[in-house]
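Peer 1: have a look at this prediction, sequence included:
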Amino acid sequence: MVPLHRQITSTNTLDMTRIVVLGTGTDIGKTHASIAITAALADSGIPTAALKPIESGVSLHATTDASSLAAVSSIPIKPQPYAFPDPVSPHLAARRTAVTIDFDRITRWIDSHLARVVLVETAGAMLSPLNRDRTNLDLARTLKPDVLLLVAPDRLGALHDVNAALHALRTLAPELPRPTLLLQPPASPDSSTGTNADEIAWLGIAPKPHVFPRAKPTDRTTREAARALLAEWRLLHA
């Protein structure tokens with residue numbers, strides 16, 4: 001749990017809280033959760049910037065994750081540093097366009113958004129490579145978040161995926177804050193959907209995760225779930 005403000009030192013000085021969103025896999029609901037959290041903060045009058053610095057599979061004729069996040073942000077969002085057309089791992093999408101993903105460029109771009117809360121959604125899974133040597137986890141370490149959100153799908157395999165991700169966090173990035181877990185219902189539920197949150201707690205893998213409903217991120221039920229998450233982080237009153 002964190003206070004709403006912190007003092008950061010960068011190209012600008014601003015009291016802010018930084019949230020980084022990681023996932024145990026890809027296409028599991030990170031953007032859905034990020035939109036809901038941002039909308040709940042904006043509803044409460046808290047200036048919030050929701051950012052996705054890297055995105056692959058970007059089409060000129062389709063809504064992107066970055067544009068969806070910008071639409072619910074309460075300040076103007078600048079064009080993302082890296083948007084690649086190929087729907088593949090960011091490192092490969094970058095290589096196909098002869099681009100190297102630069103963490104310094106990403107940090108400067110994030111720091112240029114002056115908001116009380118800055119949420120940064122990563123691209124792909126936690127250990128997805130961003131270049132030859134660095135992953136999304138390395139990006140999270142560079143950004144030094146106050147809050148870390150780990151998103152996993154509420155389906156068969158969640159116990160392994162969450163356990164493996166937490167082990168990687170403890171081993172590779174012990175300085176990061178203890179992550180909050182969020183389970184997202186999959187498009188096609190299986191026999192384990194609805195049981196994984198309790199099992200994660202019962203097995204001692206982690207405290208019981210939050211679970212979001214299978215609804216649009218701006219629906220009332222989803223925003224209520226987001227508010228409960230933000231209240232736990234002391235970013236909103238319960």
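Peer 2: Looks like it came in fine.

Peer 1: from Lys30, how far off is Pro47?
Peer 2: Taking CB to CB, to the nearest Å as the measure, Pro47 falls 22 Å from Lys30. Every C-beta, even on glycine, is put in place using the N, C-alpha and C of the backbone.

Peer 1: which of the two has more neighbours?
Peer 2: Lys30 (27 against 16; other CB atoms under 10 Å).

Peer 1: my read: that one touches Glu121, true?
Peer 2: Yes: counting by CB atoms under 8 Å, Lys30 does reach Glu121; the two are 5.4 Å apart.

Peer 1: common neighbours of these two, please.
Peer 2: Common contact partners of Lys30 and Glu121 (CB atoms under 8 Å, 6 or more residues apart in numbering): Val21.

Peer 1: show me where the chain has strands.
Peer 2: Taking DSSP state E, the strands of the chain run over residues 17-23, 48-51, 54-55, 82-83, 117-121, 147-153, 180-184, 210-211.

Peer 1: these: which one's closest to Trp202?
Peer 2: Nearest of the strands of the chain to Trp202, taken as CB to CB: strand 180-184 at 13.9 Å.

Peer 1: report the buried residues of the closest one.
Peer 2: Using 16 or more other CB atoms under 10 Å as the test for burial, strand 180-184 gives Thr180, Leu181, Leu182, Leu183, Gln184.

Peer 1: show me what the first one is bridged to.
Peer 2: Put plainly, it is Thr180. Assessed by DSSP bridges, Thr180 has beta-bridge partners Leu149.

Peer 1: now do the contacts for it.
Peer 2: For Thr180, the contact set (CB under 8 Å, 6+ apart) comprises Val147, Leu148, Leu149, Leu150, Pro209, His210, Leu229, Glu232, Trp233.

Peer 1: over to the third one?
Peer 2: Taking CB under 8 Å, 6+ apart, we find Leu182 in contact with Ala33, Leu149, Leu150, Val151, Ala152, Pro209, His210, Val211, Phe212, Leu229.
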